[in-house]
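Visitor: Kindly return the folded structure for what I paste below:
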Amino acid sequence: VGDDMALVPTELLEERFSKSVSSKKGKLEDREKKEEVKILRVITDQNAIMKKETGLKKLPPATECAKALEELDGTVLDEDLVRTLKEVACPTQAEMKLLTEAKQKEPNIPMGLPEQYMWVIGQLPAYQMRADCWYYILTYGDLQSMYFKALSDFSDIVGCVRKSEMLPSLLGIILAVGNYLNGNTSRGQADG
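Guide: Numbers count the residues shown, from 1 in each chain. Just a heads-up that it's a prediction; the model follows:
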C-alpha cells in the first residue's frame, strides 16, 4: 500500500468544495435576513397569539366581521362566530391604546392577524358592548329555556313538600330525637 495522496487533485477539490460551503452560508444568512419581516404586534405572549390566530381563522375577513357587527347581521356571523369574535377579535381598552400608539409610530409596518382584526373592530363605536349585546340576544333563548326548566323543577319540589302528609310527621320525629339528645343543654327543648 503506497501513498496515493499525490494522485488526488487536492487543490481542485479545495477550490470546488470550499467555495460551495462558503456560498451556502451566505445564502442561509440572506434567507434569514429576508425572513425577518417586521410585523406590528401588541400581543407578545406566543400562546395568546396562537390561540387568537386559531380562532380568527374561522372568521370571515376583518372588514366583513366589522360590518356584520355594526349591522348585527346574522347571515355573516352565527352564534359561535359571534362568541369567537367577542372573545378573540375585540380588543381591550389597553390593547387598543397600544395598537393606536404603535400604528402612529410605524404606520407602514403590516400588522399581525390578531392585530388586524383588533384594529378594524376597534374602529367601531361601542364595539365591545355591541358584541356582548349581540351574543346575549343570540343565546337568550337557550338561557331562558334552561332557567325555565330549573324553575319549574324547583316549583314541583316545593309543591310536593307542601302537599306531603308524612313530611311534617318525619320532621317532628327528627325534632324529638334532637331534643332528647340535647336534653340537658341549652340546645334542647326546641319548639317546632
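Visitor: Name the helix or strand of this structure that has the lowest mean pLDDT.
Guide: Every helix and strand of the chain was ranked by mean pLDDT, DSSP states H and E. The lowest is helix 10-35, at a mean of 61.
Visitor: Beyond that helix, next helix or strand please.
Guide: The C-terminal neighbour of helix 10-35 among helices and strands, as given by DSSP states H and E, is helix 46-56.
Visitor: how far does that next one sit from the chain's center?
Guide: Taking Cα atoms, centre = their mean, to the nearest Å, the mean C-alpha location of helix 46-56 is offset from the chain mean by 8 Å.
Visitor: What lies in contact with it?
Guide: Here helix 46-56 makes contact (Cβ atoms under 8 Å, 6 or more residues apart in numbering) with 41, 43, 84, 87-89, 112-114, 117. All C-beta spots, glycine's among them, are computed from the backbone N, C-alpha and C.
Visitor: Please repeat the previous calculation with a cut-off of 7 Å.
Guide: Residues outside helix 46-56 that contact it (Cβ atoms under 7 Å, 6 or more residues apart in numbering) are 43, 84, 88-89, 113-114, 117.
Visitor: how long is stretch 69-85 end to end?
Guide: Start-to-end span of stretch 69-85 (Cα to Cα, to the nearest Å) is 9 Å.
Visitor: starting at the chain centroid, how far to it?
Guide: Going by Cα atoms, centre = their mean, where stretch 69-85 is centred and where its chain is centred differ by 16 Å.
Visitor: in it, what's buried?
Guide: In terms of neighbour count (16 or more other Cβ atoms under 10 Å), stretch 69-85 has its buried residues at 69, 76-77, 81-85.
Visitor: same question for it, mean pLDDT?
Guide: Across stretch 69-85, the average pLDDT comes to 92.
Visitor: quick check, nearest of the buried residues of stretch 69-85 to Phe17?
Guide: Phe17 has its nearest neighbour among these in Thr84, at 54.4 Å by Cβ to Cβ.
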